[in-house]
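Undergrad: next input, structure requested:
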Amino acid sequence: MKYSQLGTQLRYLLELLDGDVAESYNLCGLESYKPRYTPIIRALLHKRDITISEVVASTHISQPAVSQTVKGMIKQGLVQASSGEDARQRKIRLTRKGRALIPKLKQQWLATVEAEHSLSAELSVPLSEILNEAIQALKERPYLERIQKNLPAEAIQT
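TA: Residues are numbered from 1 along each chain as shown. Reported below is the predicted structural model:
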């Protein structure tokens, strides 16, 4: 019996992509910038103040992951947080230092799009197309359901 390596392959693919994106930022003088900051920075380009919940809704990244990323961005002085109208909500916004990175980041993002096109041209199907198909299929029928269906009844604890 061969075990699935899907999770390992996905982590390795992400490591290859994120590692090189991070190195590209580094080579362009954005040493402390991390690829995981990008969805938050992009959300802030469209709206001056944004709540963590709004970032979660627009990116589909988990709330703990967004909160942890924002914490790191605050430490680096890229964003600042303040209380929203609802005291339970914190709003974040770009700082002057964060806004100053935008021109270089936009160059990086355009170069990354071109790299993605280059990669996709070498594949039988564009990677983003396969990922979108997989995400849609998992929304329609979650992975948990698929796993549970293949387990013997006695292996499932209720």
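Undergrad: use CA for all of it now, contacts and neighbours both
TA: OK.
Undergrad: buried set for stretch 17-36?
TA: By neighbour count with 16 or more other CA atoms under 10 Å, stretch 17-36 contains the buried residues 21-25, 30, 33-34.
Undergrad: pLDDT added to those residues, as JSON lines?
TA: As requested, the buried residues of stretch 17-36 are exported to JSON lines (pLDDT from 0 to 100):
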{"residue": "Val21", "pLDDT": "96"}
{"residue": "Ala22", "pLDDT": "95"}
{"residue": "Glu23", "pLDDT": "96"}
{"residue": "Ser24", "pLDDT": "96"}
{"residue": "Tyr25", "pLDDT": "95"}
{"residue": "Leu30", "pLDDT": "92"}
{"residue": "Tyr33", "pLDDT": "94"}
{"residue": "Lys34", "pLDDT": "93"}
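Undergrad: which ones among the residues you listed lie within helices?
TA: Among the buried residues of stretch 17-36, the members found in helices (DSSP state H) are 21-25.
Undergrad: which of those residues lies closest to Val79?
TA: Tyr25 (18.2 Å; CA to CA).
Undergrad: contacts only, for the closest one.
TA: For Tyr25, the contact set (CA atoms under 8 Å, 6 or more residues apart in numbering) comprises 31, 33-34, 108.
Undergrad: show me where the chain has strands.
TA: Along the chain, counting by DSSP state E, strands occupy 50-51, 79-83, 90-94.
Undergrad: would you format those strands as TSV with distance to Lys71 and mean pLDDT included?
TA: Shown next, in TSV, are the strands of the chain (distance: least, CA to CA, whole Å; pLDDT from 0 to 100):
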stretch	distance to Lys71	mean pLDDT
strand 50-51	13	92
strand 79-83	9	90
strand 90-94	10	92
